[in-house]
Structures are given as structure tokens and as C-alpha cells.
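Trainee: generate coordinates for the sequence data below:
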Amino acid sequence: MVNKKLFSMLGIGLALAAGGVAAAEGEILVGSEQNSVMQVSIYNNNLAFVKDTRNVTLGQGANSIAFEGVASQMRPETALLLGDGIRVVEQNYDYDLLNANNLLESSIGETVKTALYNEQTGQTTFDKAKVLNSNYGSPVLQFSYGVETNFPGRIVYEKLPANLRVKPTLVINLDSVAAGNKPLELAYLTNGLSWKADYVADLKADNKLALNGWITLNNESGTDYKNAEVQLIAGSINQVAAPRPVMARMMKAAGAVMDSFAVNESASMPASEAFADYYLYTLPVKTTLKDKQTKQVSLLSRENVSFGKEYRLVSPLYIGVNARQNEFKKANPEVIIKLNNRQEDNLGIALPEGTVRFYENDSRGDVQFIGESRLEQLAKGEEAELQIGKAFDVYAAGKVTDVRKISKDVSEADLEITFNNVKAEAVEVKFEQNFSNSWEILSESLQSAKKNADTAVWTLQLPADGKTVLKFKVRVSRNPS
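Mentor: You can find the predicted model right below:
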């Protein structure tokens, strides 16, 4: 059986070999290899701002410039061309790319050359036919002798339609005051570029850890960015359909920010800087981001970072005006790692959001994975609480032992919670009890603290291989209407 799609592709190959792909008549084709400067600012919500500077030889007056190799996911309404002595008249984004199906579709109504190979004689017979219909890759061809619907030969395209491009291309018609070679800067927003941060925390003795951060870049935008200056912008940026002048001012401001950063070839970590209400990380050296590529670069490496560890149990007991006797048989407290982002704890740098994975050595010295947690964007001076799992050897059982209805809007309840620790060392547990109404602790076996309007918290010291019992009485009342 004849593979007609293969024949169509072979036909394309012949046409390219014969004449190559040229610019449309009157166009100045500017390929991506003519880049002099490439700058990319990548946001962490699948958005990037690209500044692509290429050297172009212009004639005086009207020029049509074809910027080949722009991102296939570019947002053409955001494109902005900057250069001395030019005025943009019109721009068109051509994203209908050259392939077998598009070439056949664009040739409907045109006359093409056909080639039919005879296996017995070894001869190829050439003819001409008019393409009546592409028919989903099985063309309907009109020859001088009739119409073929299952032609077993090849189609040879002797010319390429002007509307098809090898790469996504932005065609800009402009007026130039003077002729000559000059740099033109094309700036635009595109989807398909993203980045994320990941952290590895290796827990050491004496509440110290080693923290390493990595940035993962992902390029699905449809083009390569060669030898580019890359900046990463952390923060949530709002996207709206802004008028063109507003977009232009935004691009100009972003461009000024990028120009203010010099690339330090000797540095090994991204430089960070506050910008507006966001944070920028500048990669220390230029890098190439290929399409369909994931790349990792180091963000930070810190030793002896101080951390705290907390066991926290939020009570599952319901306490309100209409509370009834209820209990829980077993609950394990959450294990919380607490970081304080300050210089005295050997941090004090803006940390983008990402996943933190924790590791610790076992008794034999072998490293083990002990959990992971999501780190929200952490500014300098902020604290983070990272939940990594539940404590296996620490657990509690509790119950409401008695409920007394004082009035329609007031009740009292007695609670008893027993905490067990089967570890070989003593631990501290924080126990939180939420109340659904206004509340007041009437009596308690251990001193509590008020965490917020709805929550009381107790700090309990559990001896090694021992237990501690907490008892308290609370009055709850319905808030006045």
C-alpha cells in the first residue's frame, strides 16, 4: 500500500533542496542567528517577557522585516519594536508553519508536478496535475487524462506558498528615516516559559540544617533562546487586557530593570534584588534555553541554618454550646519544622515558593527521606512552619468527660487528654483546642495560653517512655446577637 503522506513529505524535501526557503518578495528576513542580545524575564505563572535585539540592514523609507524564530506562544498584541529613526506601520504574526498537510492545503487550485516510479523499469515518469482537494492528506488530483483520488506517486512542489513559514515569524512593516545597519529590539510577552524552586534540607545535630535550593527552568514556548541573559521574577503578577500604551510603558520599565543588572561571570549563584512588589533573581552567567528543554541552576547553598522542631496536635474534639460527650481514641501530632528567615539563623534572603524535601541520617549514618512540605514565598525576616509528617512514637487519646447545660446559651464541659511518648527521649508537644463559641477556661491541670479568639494552646512536657494527662474545664457561651 502506498504511503501518500510520505510521498508528500518527500516532495517537500525536493523543493527545499532545489531552492531553499526564502523570504516573501520584498521582505528582509532576519533569522534568529542574527541575535546580538537576548534577554528573558520569566515569571512563575507560565509567562515571560522577551527582549530580542537583532542587527538589520534597512533601506530608507518603507521596509518589511520578517523576524523569524519568535516564540510560537507569543502574544502578538504585546509586541513592541524599538529602534532609532523608525516608525512601525503594521505587524503580522505568521504561525501557519511549513509541513506536509499545510503545504498540500495551500496548494489547492494550484498545478503541481507529480512523479510516478516504475519498479519494473526503474524509470520515473513526471507529469502535472491540479490539486482539487487536499482530502485529509489523500489529495484529489486532476490530470490531463482525468481525476485521480488514489494517486500512487509523489507530489513535487516547485515553489512554496508565501503564507507558510519554517518558523513562527513576526512581519513588521516600518518606515526608516535613513538607510543603514542598525539594531532593532523586539520585545513581547509569551506563554510557555516557566520556573520553579525546589529545596533540599539536610537535618544535622544541634538543630542545624544544610539548605540547598535549585531553580528548574522549563521552555515550551516554541523557540530557543541562545546565550540569553535570564532573570526570574517571584511574585503574583496580575494580567489584564491593557491598552497598548500601558503595555508599552510596562515593557519599557521592565527593560530598564533588566538593563540595570550586569552579568557577573565569576558568580555561581543568582543575584537577587527587590523590584516593585516582586523579587528578581538574575542568573550569574548567560545561558541557552532550548525549546522542549528543562534546565536546573543553583539558587542557594547554606550550611548551619538554625531550625526549630515542634510536635503539634490540633484537637478533634468539638466544644460549643451544644457540645455533647465525644472522644478520639488515637491521634498523632504533626511534626513541624520552623525556619526563621533572618541573618542570625544563617538565612536572611528572599526565598521563592517551592517544595522543601527533608533528609536526615539514621543510626548507621545512612541518609533517609523524612518528608516534604510546601514553602510559600518567604520574605526576609518572615517565619515559616513546614509540616513534614506525623510523629509515630507520640500519640494522644482524649474525650469530653462531662457536659452541663447551664442555660440556653451557656454550657460547661470537662475534658481529659492523655499524651503518650514511647521515644527514648523527652519531647515537647503543643496541644490546640478550638471552640465554636465564646469561651473561658475555668480550671486546668496545666497552664494554657490564648492563641487567638477561637483557640487555646497548652505546652506539655512528655517524659521519655512516659505519659502526661491534661485536664481542663471550659465554659462556652453563644455570642450575643
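
Trainee: what ranges does the protein have for its helices?
Mentor: Ranges of helices within the chain are 4-19, 100-106, 244-259, based on DSSP state H.

Trainee: what is the second one packed up against?
Mentor: This means helix 100-106. Applying 3 or more C-beta pairs under 8 Å, 6 or more residues apart in numbering; DSSP states H and E, we find helix 100-106 packed against helix 4-19. Using the backbone N, CA and C atoms, a C-beta is placed for each residue, glycine as well.

Trainee: pLDDT averaged over the helix it packs on - what is it?
Mentor: Mean pLDDT, helix 4-19: 35.

Trainee: likewise for stretch 401-415?
Mentor: For stretch 401-415, mean pLDDT rounds to 93.

Trainee: then stretch 304-315?
Mentor: The model assigns stretch 304-315 a mean pLDDT of 96.

Trainee: any buried residues in it, and which?
Mentor: Val305, Ser306, Phe307, Glu310, Tyr311, Arg312, Leu313, Ser315 (16 or more other C-beta atoms under 10 Å).

Trainee: contacting residues around the fifth one?
Mentor: The reference is to Tyr311. For Tyr311, the contact set (C-beta atoms under 8 Å, 6 or more residues apart in numbering) comprises Pro333, Glu334, Val335, Ile336, Ala391, Val394, Val427, Glu428, Val429, Lys430.

Trainee: so the last one bridges to which residues?
Mentor: In other words, Lys430. Lys430 has these beta-bridge partners by DSSP bridges: Arg312, Thr459.

Trainee: hmm, it is touching Val314, no?
Mentor: No. With contacts counted by C-beta atoms under 8 Å, Lys430 stays clear of Val314, the gap being 9.4 Å.

Trainee: coming back round to it: now the contacts of Tyr311: which count as buried?
Mentor: Pro333, Glu334, Val335, Ile336, Ala391, Val394, Val427, Val429, Lys430.

Trainee: give me the low-pLDDT residue ranges for the stretch 351-481 of the chain?
Mentor: 480-481 (pLDDT under 70).

Trainee: please name the bridge partners of Val37.
Mentor: Thr53.

Trainee: meant to ask about Asn452
Mentor: Thr455.

Trainee: residues near Ala426, how many?
Mentor: Using other C-beta atoms under 10 Å, Ala426 has 12 neighbouring residues.

Trainee: repeat that for Ala384.
Mentor: 20.

Trainee: the one 3 residues further on too?
Mentor: Using other C-beta under 10 Å, Gln387 is surrounded by 15 other residues.

Trainee: Leu193 too?
Mentor: What Leu193 shows, counting by other C-beta under 10 Å, is a neighbour count of 24.

Trainee: how about it: what's its closest non-neighbour residue?
Mentor: Closest residue to Leu193 in three dimensions, ignoring its sequence neighbours and counting by C-beta to C-beta, 6 or more residues apart in numbering: Ala48, at 3.7 Å.

Trainee: which strand residues bridge the one you found?
Mentor: Residues in beta-bridge contact with Ala48 (DSSP bridges): Ile42, Thr190.

Trainee: pretty sure it is touching Val40, no?
Mentor: Yes. Using C-beta under 8 Å, Ala48 makes contact with Val40 at a distance of 5.7 Å.

Trainee: contacting residues for Gln461?
Mentor: Gln461 touches Ala426, Glu428, Thr468, counting by C-beta under 8 Å, 6+ apart.

Trainee: quick check: the gap between Tyr188 and Lys113.
Mentor: 39 Å (C-beta to C-beta, to the nearest Å).
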